[in-house]
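S.K.: Got a sequence here, can you build the structure:
(one chain, ligands or ions: 1)
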Amino acid sequence: MVDRASLRQCLHCGRLVPVDRVQCPNCREALPEVRVAGRAAAAERPSEIRRGLLAMLLAGVVHYFSGGYSAMNLPYPINPVITVYLSPMLFLSGLGLVVYGFFTWKKD
Ligand SMILES: [Zn+2]
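M.R.: Model prediction:
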């Protein structure tokens, strides 16, 4: 996933390189890891929320296909345990992760 288009200047040659690179593409010098500290990082939503939402989405997709709600027929039978227990459990754990991330985010 490339969602960071921001650039920074290389310490060695002065060219602009993407922030997530660990090696300069121009002069091949190793670049120090830069972590954005302070309020900008604190204001960012914690990764728990993003991961929780992803888990909920995945659970929804699994439930949709394994539960037979889609018009598409799966080429192999799905164990009903997945539909009855696993996908709701994944959904609830994702929800819990979102709630946890939200409250730890709002606290500070
Ligand atoms: Zn360089």
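
S.K.: Output the set of residues of the protein in proximity to the ion.
M.R.: 10, 12, 13, 24, 26, 27 (C-beta under 5 Å from the ion). Every C-beta, even on glycine, is put in place using the N, C-alpha and C of the backbone.

S.K.: Let's see that with 8 Å instead.
M.R.: Selection of the chain residues close to the ion by C-beta under 8 Å from the ion yields 10-15, 17, 24-29, 31.

S.K.: Among these, which ones are in strands?
M.R.: In strands, defined here by DSSP state E, the members of the residues of the chain next to the ion are residue 17.

S.K.: Could you identify the buried members of the residues of the chain next to the ion?
M.R.: Neighbour counting with 16 or more other C-beta atoms under 10 Å marks 10, 17, 24, 31 as buried within those.

S.K.: Is residue 58 located within a helix, as I assumed?
M.R.: Yes - assessed by DSSP: H, G, I helix; E, B strand; the rest coil, residue 58 belongs to a helix.

S.K.: and it, how many neighbours?
M.R.: 14 (other C-beta atoms under 10 Å).
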